[in-house]
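Asker: sequence-free structure coming up:
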């Protein structure tokens, strides 16, 4: 069973600040953030707050949004898609071939010219997620169970 | 799928011969014919027009699904459906056409509270979520962590944020008395509707098992009904073709529930698929409609 708690005010404020500072993204009013004990933040619809499911064996609620602790703020691929469409900064346009490399689990060599640690990756088809901006590389951040070996 | 043709037991032929008579040879032939793949646009992330253009640009040949604007039959492609960037990005979900019928029949609206009793792997849950514009709440239940993990992964990829995933036997959900606006009971079944995808199913044909399955299905239907609000709607479905698991379950249920009304299902573009002695329900026979076998019934609470 996973216990979900509504995000504390100071953590919520920090996440909103980070989204604005790092990506130039303003959080819509109807987004509700919850966290679980493993430093993970979840995005829920506001209607979910109207019901109490605590008597049930809840395994997950809403969309996994990001990992958030004192050192890291890393968006999930789906959160990157939500944020990236209207993000004003730290979005890197990559080719479809580069996207394929990352989805297969490989890092790519590229000078990003961006300052964020985790940058949003955009292709001609849309946003695929985030990569770690490290020296002259973008490091793959996709979990192993999401990668596709044969693309 | 194996290149070997399926072997149909005599008991299989006898059983279905009793149900469809002269149509049996055509039914058997249809069962031997592999299904074309189909996909559902995940409208949470992209519209069907854009997805179609994107996939056709890669050489795919897509045909519309007659009863659902947001789905396509894939007639030609050069890559595995699950190994594309578009799939990775959650732009589409690989789902059999007939499996798209129950959520359409349930017709959930944004803001409603919906129960999906047997949710994994999540194709119908994801479809419910997109039909609700990712608003309202879906309680998606299934039993066992491996099934839950698959469900969670699929819903995450589709970007669903209005789903609560609960792990436990569906029968336990009856504690949520008259709680939901709509309920989907897509019950576990013998799976004979899926013969065209998996010919090995024919080897498992055993009418003795239908009684046990019927009991489980009836229990789930009972639980779903209990958790449904008055005036609410419940859809019962299976991906099998036996009467014991379909019409019999619904008939027994109607005999015991004076507050239940079986409503006729009308879906534009879906014809020639009435239930056996149950015109209100949808029964997909693969030789009559080029899809996987399926059964769907819609019940409304007075």
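Answerer: Perfect, I can see it now. Computed from a predicted model, the values in this text were never measured in an experiment.

Asker: how many neighbours does the nearest residue to residue B:71 once chain neighbours are set aside have?
Answerer: Distances taken as CB to CB, 6 or more residues apart in numbering or on different chains place residue B:65 nearest to residue B:71, at 4.0 Å, with adjacent residues excluded. Backbone N, C-alpha and C define where each C-beta goes, glycine included. Counted with other CB atoms under 10 Å in any protein chain shown, the neighbours of residue B:65 add up to 19.

Asker: quick one, what contacts residue A:76?
Answerer: Residue A:76 makes contact with A:63-66, A:129, B:156 under the criterion CB atoms under 8 Å, 6 or more residues apart in numbering or on different chains.

Asker: what lies in contact with the longest helix seen in chain A?
Answerer: Looking across chain A with DSSP state H, the single longest helix is helix A:9-23. By CB under 8 Å, 6+ apart, the residues outside helix A:9-23 that reach it are A:7, A:25-27, A:33, A:35, A:41, A:66, A:68, A:73, A:83-84, A:87-91, A:116, A:118, A:120.

Asker: how about stretch B:171-183?
Answerer: Residues contacting stretch B:171-183 (CB under 8 Å, 6+ apart): A:55, B:106-108, B:112-115, B:117, B:139, B:141, B:166, B:219-220, B:222-230, B:232-235.

Asker: ok, and for it, which residues are buried?
Answerer: B:173-174, B:176, B:179-183 (16 or more other CB atoms under 10 Å in any protein chain shown).

Asker: can you check stretch B:236-252 too?
Answerer: B:236-251.

Asker: can you pick out the most distant pair from those residues?
Answerer: Largest separation among these by CB to CB: B:239 and B:251, giving 19.5 Å.

Asker: and the buried residues of stretch B:236-252, which of them are in strands?
Answerer: B:236-238 (DSSP state E).

Asker: check chain B for its longest helix and report it.
Answerer: helix B:208-226.

Asker: if we can go back for a sec, what subset of the contacts of stretch B:171-183 is buried?
Answerer: Buried members of the contacts of stretch B:171-183, counted by 16+ other CB under 10 Å: B:106, B:108, B:112-115, B:117, B:139, B:141, B:166, B:220, B:222-225, B:227-228, B:232-235.

Asker: show me the residue sitting in the middle of chain A in space.
Answerer: With distances taken as CA atoms, centre = their mean, residue A:75 lies nearest the centre of chain A, 1.5 Å away.

Asker: from memory it sits against residue A:65, does it?
Answerer: Yes: between residue A:75 and residue A:65 there is a contact under CB atoms under 8 Å: 7.0 Å.

Asker: show the pLDDT at residue 17.
Answerer: If you meant another chain, say so; for now it's chain A. As predicted, residue A:17 sits at a pLDDT of 97.

Asker: hmm, no, I was thinking of chain B.
Answerer: With respect to pLDDT, residue B:17 scores 97.

Asker: backbone dihedrals for it, please?
Answerer: Phi and psi for residue B:17, reported as degrees, to the nearest 10, are phi -60, psi -40.

Asker: before we move on, what about the one 10 residues further on?
Answerer: Here is the backbone geometry of residue B:27 (degrees, to the nearest 10): phi -60, psi -50.

Asker: spell out which residues of the stretch 101-250 of chain B are next to chain A.
Answerer: Residues of the stretch 101-250 of chain B that fall close to chain A, judged by CB under 8 Å from any CB of the partner chain: B:111, B:113, B:134-137, B:139, B:145, B:148, B:152-153, B:155-157, B:159-168, B:175.

Asker: just the buried ones from those, in ChimeraX syntax?
Answerer: Buried residues within these, by 16+ other CB under 10 Å, are selected in ChimeraX with:
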select /B:113,134,135,136,137,139,148,152,155,156,157,159,160,161,162,163,164,165,166,167,168
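
Asker: tell me the contacts of the residue most central in space within chain B?
Answerer: Geometric centre of chain B, nearest residue: residue B:99, 3.3 Å, by CA atoms, centre = their mean. Contacts for residue B:99 (CB under 8 Å, 6+ apart) come out as B:123-124, B:239, B:292, B:294.

Asker: redo those residues as TSV? Include pLDDT and secondary structure.
Answerer: Shown next, in TSV, are these (pLDDT from 0 to 100; DSSP: H, G, I helix; E, B strand; the rest coil):
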residue	pLDDT	secondary structure
B:123	98	helix
B:124	98	helix
B:239	97	coil
B:292	96	coil
B:294	98	strand
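
Asker: near chain B, which residues of chain A show up?
Answerer: A:1, A:43-45, A:47-48, A:50-51, A:53, A:55-64, A:76-78, A:81-82, A:96, A:99-100, A:103, A:123, A:125-128, A:145-146, A:148, A:150-151.

Asker: what subset of these is buried?
Answerer: A:43-45, A:47-48, A:56, A:58-64, A:76-78, A:81-82, A:99-100, A:103, A:123, A:125-128, A:146, A:148.

Asker: OK, contacts around the residue of chain A positioned farthest from its centre?
Answerer: For chain A, the largest distance from the centre (CA atoms, centre = their mean) belongs to residue A:55, which lies 29.4 Å off. Residues in contact with residue A:55, defined by CB under 8 Å, 6+ apart, are residue B:175.
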